[in-house]
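Asks: Dropping the sequence and predicted coords here.
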Amino acid sequence: MRIEELKERLSFWRKRVDMTLESVLPPRQEPGGRVIEAMRYSLFSGGKRLRPLLCLLGAEACGGRAEDYLLFACGLECLHTYSLIHDDLPAMDDDDLRRGQPTCHRAFDEATAILAGDGLQALAFELFTHPELERRLPPRRLLQAVHLVARAAGIHGMVVGQMADLLAEGRRVEKEELDY
């Protein structure tokens, strides 16, 4: 595949991911309108969509159809965005900007940011277990993939990594810790 072809494919799938994410988010209505707005703000703040693109192109590279993995790929983007929202919180890194824009807790407030992150995490697992995926993918493989993602996002991966990051703040970090 030539570089121009790859760029076209990436652009095509990036647009499909954005359209799918747009379609799975509920409309902004009360009482949850503010949290949905915060979820949307964070999801559509200019990310490159690397995780879903890697999922889709990886599926193709292994002989699958990218279209069959679209909902799962969008779940990965929701999970990633949840982790960024929580990472930016005052209790964590206390960042003011993300991708050149105010972080979710700065654009809204801390409680709304926490709920937006929680909502995106739950939405990710809704997408990972969407009935449409069961029709498109072997159920055993799908279950294995969800299990791997849950482990990577939980205490066997991202959560412990965030804790290590917090514990390392303000002190010299040894190579062994970085290798973790």
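Replies: In hand now; what should we look at?
Asks: can you give me the helices for this protein?
Replies: Along the chain, the segments classed as helices by DSSP state H run 3-24, 33-43, 50-61, 70-88, 104-107, 110-128, 131-136, 139-153, 158-168, 175-179.
Asks: how far does the second one sit from the chain's center?
Replies: Yep, that's helix 33-43 we're talking about. On the basis of Cα atoms, centre = their mean, to the nearest Å, helix 33-43 sits 14 Å off its chain's mean C-alpha point.
Asks: Same check on the shortest one?
Replies: Offset of helix 104-107 from its chain centre (Cα atoms, centre = their mean): 18 Å.
Asks: again with the third one
Replies: The chain centroid and the centroid of helix 50-61 are separated by 14 Å under Cα atoms, centre = their mean.
Asks: and the angle from it to helix 139-153?
Replies: Computed by axes from the mean of the first three to the mean of the last three Cα atoms, to 10 degrees, the angle separating helix 50-61 from helix 139-153 equals 150 degrees.
Asks: Deepest in the core, which of the helices of the chain is it.
Replies: Ranked by mean neighbour count under mean count of other Cβ atoms under 10 Å, the helices of the chain are led by helix 70-88, which reaches a mean of 24. Glycine gets a C-beta too; all of them are placed from N, C-alpha and C.
Asks: So what does the nearest residue to Arg40 once chain neighbours are set aside have for phi and psi?
Replies: Excluding the flanking residues, the one nearest Arg40 by Cβ to Cβ, 6 or more residues apart in numbering is Leu25, at 5.9 Å. Backbone torsions for Leu25, taken as degrees, to the nearest 10, come to phi -80, psi 130.
Asks: so where's the protein shaky on pLDDT?
Replies: 178-180 (pLDDT under 70).
Asks: rewinding a little: what about the residue nearest to Arg40, distance to Gly170?
Replies: Between Leu25 and Gly170 the computed distance is 38 Å (Cβ to Cβ, to the nearest Å).
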